[in-house]
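**Q** predicted coordinates and the sequence they were generated for:
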Amino acid sequence: MDTNSNNEHFMYVVKCADGTLYTGYAIDVEERVNTHNAGNGAKYTRSRRPVTLIAKARFNTKHDAMRAEALFKRLSRAQKLEYLNCGKPLEQKLQDSFF
């Protein structure tokens, strides 16, 4: 059961200082990006700071956001960039493809 009363759950993508992409889940994306940049986020991003938010997609449930995160992570870098640059909102592109 989701404890977020706003029913907002996000999958987000940040670009690391070395040019790599990191995808994660958060309820408060801005706070999570700040946590990454403080060196307290994911192990992957600690040595790749600073990170910059490049996309986020809102979902009504944690399950859907985490499912989108897992599926997005399986894409190649080229496929991820295609999703991010397709001209549609990321939520819509993910919904069209994964759900």
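**A** In hand now; what should we look at?
**Q** show me where pLDDT drops low in this structure?
**A** Across the chain, the ranges flagged by pLDDT under 70 are 1-5.
**Q** spell out the secondary structure type for the residue sitting nearest the centre point of the chain.
**A** Computing the C-alpha centroid of the chain and ranking residues by CA atoms, centre = their mean puts Tyr12 first, at 1.7 Å. The assignment at Tyr12 comes out as strand when based on DSSP: H, G, I helix; E, B strand; the rest coil.
**Q** quick check, Arg48 in a strand?
**A** No - secondary structure of Arg48 (three-state DSSP): coil, not part of a strand.
**Q** tell me who's in contact with Lys15.
**A** Contacts here follow CB atoms under 8 Å, 6 or more residues apart in numbering; on that basis Lys15 touches Leu21, Val51, Thr52, Ile54. Where C-beta positions appear, they are placed from N, C-alpha and C, glycine not excepted.
**Q** any idea how far Gly19 is from the residue lying closest to the residue nearest to the centre of the chain once chain neighbours are set aside?
**A** Closest residue to Tyr12 apart from its sequence neighbours, by CB to CB, 6 or more residues apart in numbering: Lys56 at 4.3 Å. Relative to Gly19, Lys56 is positioned 19 Å away (criterion: CB to CB, to the nearest Å).
**Q** I am finished for the moment; much appreciated.
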